[in-house]
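**Student:** Show me how the following folds:
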Amino acid sequence: MAVIDGTLTRLLKQRRLFLHHERNEAVEVVYVCVDDGLPGGFPVGHVIPSGASGAATWTAYARVRPGRCFSNDQVGAALLSVHEAVRAVLDHAHYGDVMFALEQEAGSVATYTAEVHQQHAVRLASLDEPEGITHLGNGTVRFTSPAVAYLRSLPERFGCRVDGEDRIRLAGDSYQLIRETPHTILPGPGRCGSEKLG
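**Tutor:** Next comes the predicted model:
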């Protein structure tokens, strides 16, 4: 098995994912799993070697249709390394619903705000998924922790997501998320006692 480099390891950690290796009918399978607290995690994709052993390539499968547990579609073939195959899973896997459910189960009451361009604020508030995004006015947007978890799970190619630096990325722009503690939440801009998400 090829070694996964540090960049990919960090990306997996930022997105609350880990790799789980298994041998299945003499073939090694690498699962990409959500860290849901259980030993095996929740698989959102997997990669398998294909081709002759001397010139092995990799095929990648990912959960691209949320709500269908353990149903993965092929998202890459003839990939030259396990690293490239895992990246293909990360570029296609949809698991925001899983993250959302985990945050709801945890009963988290944390909320986050970001000061964004007015157009972005309107767009965010109109999203069907995730729930828990409110435009407070003047470009200030509040996010529940399940909404942040959902946005953090989205692949890099999406125009709306939370990255590993706790910034919400919108159409090429990025804005810092600020965590609010329950006793500091006020109905609009001008609140005090907030802290950087961390």
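**Student:** Enumerate every residue touching the residue most central in space within the chain.
**Tutor:** A centroid search over the chain (C-alpha atoms, centre = their mean) returns Ser153, at 1.2 Å, as the residue closest to the centre. Applying C-beta atoms under 8 Å, 6 or more residues apart in numbering to Ser153 gives the contacts 15-16, 34, 94-96, 98-99. For the C-beta atoms, the positions are set from N, CA and C on the backbone; glycine is no exception.
**Student:** and if you look at Ser50?
**Tutor:** Applying C-beta under 8 Å, 6+ apart, the residues contacting Ser50 are 56-59, 77-78.
**Student:** same question, Arg87
**Tutor:** Neighbours of Arg87 in contact, by C-beta under 8 Å, 6+ apart: Leu8.
**Student:** Shouldn't it be within a helix?
**Tutor:** Yes: the assignment for Arg87 (DSSP: H, G, I helix; E, B strand; the rest coil) places it in a helix.
**Student:** Tell me the confidence at it?
**Tutor:** Arg87 is assigned 94 on the pLDDT scale.
**Student:** May I have the phi/psi pair for the residue nearest to the centre of the chain?
**Tutor:** phi -80, psi -10 (degrees, to the nearest 10).
**Student:** ok so, going back, out of the contacts of Ser50, who has the most neighbours?
**Tutor:** Trp58 (23 neighbours; other C-beta atoms under 10 Å).
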